[in-house]
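*Asks:* Output the structure for:
(chains A and B)
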Amino acid sequence: MAVLSIDQAGPMCSVQDAGRQGFQRFGVTPAGVMHPQAAALCWQLLGRQNHPLIEVSAPGLMLRCDAPVSVSFVWQGRVEREGVAVANQAGRLSLAAGEGLRLHPSPAQWGYLGIHADYCAEPLMGSYATHARSELKVFDPLSAGASIEIAPWPLDAELTGLKGLAPTSDPIRLLAGPQIARFSEAQIAQFTETDWRIGHRSDRMAYQLEGPPLSLAGNHDIVSDGITFGAIQITGSGQPYVLMADRQPTGGYPKIGCIIAADLGRFSALPPGSQVQFAWVDLAAAQAAAHAEAAELHAAMRVDQPDFRSERLLGLNLVDGVVNAKYN
Amino acid sequence: MSQNIDYTLAELGSCAITATFADQISPDITALVRGLDLAIAHSPMPGLVEVVPCYTSVTMHFSKHLPPRHYIESWLQSLLAALDGSERLAKRWRVPACYHPDIAEDLFDAATALGVSIDVLVEAHTAATFEIAMYGFAPGWAYLSGTPSTLDLPRRLTPRGPTPADALLIAGGQAMLAANPMPTGWYVIGRSAQPSFFLDRTPPVVFDVGDQLSFYAVEPAQWQAMYAAAKAGELIAERVH
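*Replies:* Next up, the predicted model:
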């Protein structure tokens, strides 16, 4: 038995897995990881599918363990062990007892730590996912001072300098939603012609899209029906909301479209204030993208040129120093 | 039931699909949805991970991606063609509840908004036979159809704080049995003596979709005792048949 301690944590850090499945018919939100692709990479590094992960929000997190433990990570910001930059993007590290692991702020909204350990707590309804709103959780949302009892596995080999997930600014791909017939051709075209901005009131339940409202000719209320991660609801004010991991199981607003599963992580990674564009695709394209995910995961596991990586890390440190000198 | 049941089938993203049978709520359509839901449970399709029945639709969530559309269509067609109405589980329950301002915080406000006395409101709620049309919104929140028109009042202009556990709610011409505390725009007019959502049970709910519920009023002291016993595992709701 060992204790994992959270020294610092940004808002909305929590323990998540693939979500609580099979209970939406009883009103239970699945919750689960916000960035399925980054989580899949972390599970690959961890060597155990769907093992509970620590989901870390953009401001970062610092933790330590009172026993030696290996940690897999997927994080776009700098990663430090005892104040020394060790790697970024993705990899696997070992921490000696009491050593601090720090994730510095990230440009991506979510990243993951996979602790190579069993958690000394039973899952709730088959899952370790945290749904703060309905208080369905095994662990409280993670904040400074939190501690979690774990049973570390034997240490694993370290792995750094991985390529990580390939960045792309391609539009987020959408399938037509169940109520698309309620929207005019012009509105459907407008949706993909607009440069939307991610609203600042976005959270694990929904991301707001800021832009010109999509006024509906008819009634906005529909008979509540099923919803899913990535469904885009148009509310009475004409503002779109993209439903995320903590969505309710059903909803009563028309859904113009749904983000394809392969693009959910790329979309959820966008921080508030950033711009996003969408593109309509068909089901065949969505399925091709799903098949391409396995190859992308494989590519993310490849090791980059070590020299390039260290130069890049130095460069990142240098920039941080300049910023600090100017503003401190 | 008719062999030719009209419905629309629409993808809900790349891993889910919704079959919708009507754009208006009606008892026949809700019964049809329930029959289909049971039929799906008996003959599921590979890759299907969960089914969410609503008033007029069924959403089917698949694990990785959707099977080809014509497979789904022919599977649904065969299930629908075999429905004869007998699938419907008609469990009926009598459930004790307390309608007292000390326990039901919004009772007075709701009666005022309806322009009736508290007694008239309680009489209308206890005289009704409700049916669980669907769960949604939050864990163990059961939407009840069969709300009498006497209880039709608009939602609150601003939401109230978290409801007490196992609250009986009304608003917008609808009624709800709300197991877990959540903020809401509805009115709390009573509390059931039967907790209806248990995290450690499979399934977690006491009442199924399709079950019929009627409530009878008990005094606060009696309600307290019943609620405590039910929390400890005793079944306080009475199964009529």
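*Asks:* give me the element A:A67 is part of.
*Replies:* Per DSSP states H and E: A:A67 is located in neither a helix nor a strand.
*Asks:* What is the neighbour count of it?
*Replies:* When counting by other Cβ atoms under 10 Å in any protein chain shown, one arrives at 16 neighbours for A:A67. For the C-beta atoms, the positions are set from N, CA and C on the backbone; glycine is no exception.
*Asks:* Next: A:V3.
*Replies:* By the criterion of other Cβ under 10 Å, A:V3 has 13 neighbours.
*Asks:* Quick check: beta-bridge partners of it?
*Replies:* A:E149 (DSSP bridges).
*Asks:* which residues touch it?
*Replies:* A:65-66, A:147-150 (Cβ atoms under 8 Å, 6 or more residues apart in numbering or on different chains).
*Asks:* now, which of the residues you listed sits nearest A:E135?
*Replies:* Checking those against A:E135 with Cβ to Cβ, the nearest one is A:I148 at 17.7 Å.
*Asks:* how many neighbours does the closest one have?
*Replies:* A:I148 has 23 neighbours, counted by other Cβ under 10 Å.
*Asks:* repeat for A:E80
*Replies:* A:E80, neighbours per other Cβ under 10 Å, totals 18.
*Asks:* pLDDT at it, what is it?
*Replies:* For A:E80, the pLDDT comes out at 95.
*Asks:* ok, back up a step: filter the contacts of A:V3 to the buried ones?
*Replies:* Among these, those classed as buried by 16 or more other Cβ atoms under 10 Å in any protein chain shown are A:65, A:148, A:150.
*Asks:* overlap between the residues you listed and the residues near chain B?
*Replies:* Among these, no residue lies close to chain B (Cβ under 8 Å from any Cβ of the partner chain).
*Asks:* Please report how far the closest residue to chain A within chain B lies from B:A82.
*Replies:* Residue of chain B nearest chain A, by Cβ to the nearest Cβ: B:T59 (2.5 Å). Distance from B:T59 to B:A82, counting by Cβ to Cβ, to the nearest Å: 21 Å.
*Asks:* same thing with B:H61?
*Replies:* Distance of B:H61 to B:A82, given as Cβ to Cβ: 23 Å.
*Asks:* These two: which has the busier surroundings?
*Replies:* Shown here are B:H61 and B:A82; by other Cβ under 10 Å, B:H61 has more neighbours (25 against 14).
*Asks:* Where does the more buried one sit: helix, strand or coil?
*Replies:* strand (DSSP: H, G, I helix; E, B strand; the rest coil).
*Asks:* A:F229 and A:L264 touch, don't they?
*Replies:* Yes - A:F229 is within contact range of A:L264, at 6.1 Å (criterion: Cβ atoms under 8 Å).
*Asks:* contacts for the strand or helix carrying B:M134?
*Replies:* According to DSSP H and E, B:M134 maps onto strand B:130-135. Applying Cβ under 8 Å, 6+ apart, the contact partners of strand B:130-135 are A:25-27, A:224, A:249-250, B:25, B:27, B:30, B:53-55, B:141-147, B:175, B:177, B:205, B:207-215.
*Asks:* In strands, which of the residues you listed appear?
*Replies:* Among the contacts of strand B:130-135, DSSP state E puts A:250, B:53, B:141-145, B:175, B:177, B:212-215 in strands.
*Asks:* Next, give me the two most distant ones among those.
*Replies:* Taking Cβ to Cβ, the two most distant members of the ones in strands among the contacts of strand B:130-135 are A:T250 and B:S214; they sit 25.1 Å apart.
*Asks:* More neighbours: which of these two?
*Replies:* Between A:T250 and B:S214, counting by other Cβ under 10 Å, A:T250 is the more crowded of the two (25 against 17).
*Asks:* hey, what's that one bridged with?
*Replies:* A:G226.
*Asks:* per-residue pLDDT, B:G172?
*Replies:* 85.
*Asks:* circling back to that earlier point, what about the residue of chain B closest to chain A, how many residues close to it?
*Replies:* B:T59 has 25 nearby residues by other Cβ under 10 Å.
*Asks:* so it touches B:A16, yeah?
*Replies:* Yes - in this structure, B:T59 is within contact of B:A16 by Cβ under 8 Å, at 5.9 Å.
*Asks:* Mutual contacts of these two, please.
*Replies:* Common neighbours of B:T59 and B:A16 (criterion: Cβ under 8 Å, 6+ apart): A:226, A:228.
*Asks:* got the contact list for the closest residue to chain B within the stretch 101-250 of chain A?
*Replies:* At 2.5 Å from chain B, A:G226 is the closest residue in the stretch 101-250 of chain A, using Cβ to the nearest Cβ. Residues near A:G226 by Cβ under 8 Å, 6+ apart: A:24, A:249-250, B:12, B:16, B:18, B:52, B:54, B:57-59, B:61.
*Asks:* Swap in 7 Å and give it another go.
*Replies:* A:249-250, B:12, B:16, B:18, B:52, B:54, B:57, B:59 (Cβ atoms under 7 Å, 6 or more residues apart in numbering or on different chains).
*Asks:* where's it relative to A:E158, distance?
*Replies:* Separation of A:G226 from A:E158 (Cβ to Cβ): 44 Å.
*Asks:* can you check B:R155 too?
*Replies:* Counting by Cβ to Cβ, the separation of B:R155 from A:E158 is 56 Å.
*Asks:* tell me the domain boundaries of chain B?
*Replies:* Domain segmentation of chain B under automatic domain parsing yields B:8-82, B:92-239.
*Asks:* if we can go back for a sec, can you list the buried ones among the contacts of A:V3 in TSV and add pLDDT?
*Replies:* Formatted as TSV, the buried ones among the contacts of A:V3 follow (pLDDT from 0 to 100):
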residue	pLDDT
A:C65	98
A:I148	97
A:I150	98
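*Asks:* Rounded mean pLDDT for the longest helix seen in chain B, please.
*Replies:* What stands out as the longest helix in chain B, according to DSSP state H, is helix B:27-42. Helix B:27-42 carries an average pLDDT of 92.
*Asks:* Packing partners of it?
*Replies:* Applying 3 or more Cβ pairs under 7 Å, 6 or more residues apart in numbering or on different chains; DSSP states H and E, one finds that helix B:27-42 contacts strand B:48-53, strand B:57-62, helix B:69-82.
*Asks:* hang on, the earlier thing: write a ChimeraX command that selects only the buried members of the contacts of strand B:130-135.
*Replies:* Selection command for ChimeraX covering only the buried members of the contacts of strand B:130-135, criterion 16+ other Cβ under 10 Å:
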select /A:25,26,27,224,249,250 /B:25,30,53,54,55,141,142,143,144,145,146,147,175,177,205,207,208,209,210,211,212,213,214,215
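*Asks:* still on that earlier bit, would you list the helices and strands packed on helix B:27-42 in JSON lines and tack on distance to A:A58?
*Replies:* JSON lines is the format used below for these (distance: least, Cβ to Cβ, whole Å):
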{"stretch": "strand B:48-53", "distance to A:A58": "30"}
{"stretch": "strand B:57-62", "distance to A:A58": "29"}
{"stretch": "helix B:69-82", "distance to A:A58": "39"}
